[in-house]
Every structure is written in structure tokens, then in C-alpha cells.
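Peer 1: Next one to model:
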Amino acid sequence: MVVLGTVARICRISLFSYLRYIREELLITFGTASTESVLPQMMKKLERAGCEKTVVGMVLPAGYTFNPDGTAIYLTIGALLEAQATNIDLSWSQQLVILGVLMLTSKGSAGVAGAGFVTLAATLGSMHTIPVTGLVLLLGVDRFLNEARAITNLVGNERLRSPNGRVPSMR
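Peer 2: Sure thing, here's the model as predicted:
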């Protein structure tokens, strides 16, 4: 909220009016734990808000694929939580390598429920630094984390500025 609120303030967009504008999509995303289920509705809403159709058609699907903020956060925190829970001491350089690798692998994660967990398991399995067996700790709460991850991905992908630089009306 701090980073997104700062960016919204710089762009002169009211974060709360934006969240009100997409509240139906937020609820659908929360219920399905997937951002893919609201892609068509978000494209229509952004066009109605004043964004060009060509820009929306290019930027929004690309953002869903290459800008999964929530998934990147989940992967890194999940890996570090598992390392702490299994009593593995990681040096700063190991933590930075894990952060970098997980940020890159988040780009290949699908926008469907459970994809982040599978991506985390595959990445940890290939790195051989943190045991994959510790993922059992996350398995019980993954559905709740998945909902938060999907909401973060959805809100982090939208840009509501018109081509002329003015903030569009969100009604």
C-alpha cells in the first residue's frame, strides 16, 4: 500500500477511487484466486476510463504475464520462511541469489490458482539450497496466500492514465 499509494500520488490518481472502480473485479479475483478470470472485464473498464484500445490490448496481457508483483513477493518470502523453519542459515549472497532467481521465475508463473506454489517447488528443487520438503509448511495456508497474491497481481498491473496525460474519470 505504501509503494502503490506513493505511485498513485505521483500520477495524481486517487488510489481509493481506483479500488472502488475495480471492486467487482477485486471480488472475483479474491473468490477465484486468479487474475485471468477478470482480464476481459479489466480491459473493458480501462478502455471506458479513457485508455486507448491498442494500449490496453498490449499492456494489460503483458502485465499479467511479466509483472506478477504478488507472486514475486510470495516466492521470496516463502523461500526465506522455509529456510528459517528448516534451520538453514543463508548468507547475504545466497539470499540475494535466491531473490534474483525467484524474481525471474515469477515471470513464468501462470495467473491461475496454485501456480505460485508449483513455481516455488520447482525453483527450490532446482537450486538445492533449501529442501523442497519444507513446503509442507506453506501448503496449509496456500489458498489464503493465493487470494492475497492474486489481488496484489491485479492491482499492481493496472495503469489508469490517458494518452494526453490527464487522469481519466472513473465512473
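Peer 1: When you work out contacts or count neighbours from here on, use the C-alpha atoms and nothing else.
Peer 2: Fine.
Peer 1: measure L81 to I13 for me?
Peer 2: Between L81 and I13 the computed distance is 35 Å (C-alpha to C-alpha, to the nearest Å).
Peer 1: So for the two, which residue has more residues nearby?
Peer 2: Each of L81 and I13 had its neighbours counted (other C-alpha atoms under 10 Å), and the higher figure belongs to I13 (19 against 16).
Peer 1: per-residue confidence for that one?
Peer 2: pLDDT, I13: 80.
Peer 1: Kindly report the same for the one 4 residues further on.
Peer 2: Reported pLDDT at S17 in the predicted model: 85.
Peer 1: tally of neighbours for it?
Peer 2: If you count neighbours by other C-alpha under 10 Å, S17 ends up with 13.
Peer 1: For I130, see how far away it is.
Peer 2: As for S17, its distance to I130 is 42 Å (criterion: C-alpha to C-alpha).
Peer 1: repeat for T65
Peer 2: Looking at T65 against I130, where the rule is C-alpha to C-alpha, the gap reads 26 Å.
Peer 1: Comparing the two, which shows the higher neighbour count?
Peer 2: With neighbours defined as other C-alpha under 10 Å, T65 and I130 compare such that I130 has more, 23 against 17.
Peer 1: And what about that one, helix, strand or coil?
Peer 2: Secondary structure, DSSP: H, G, I helix; E, B strand; the rest coil: I130 is coil.
Peer 1: Phi first, then psi, for it.
Peer 2: Dihedral angles phi and psi of I130 (degrees, to the nearest 10) take the values phi -120, psi 130.
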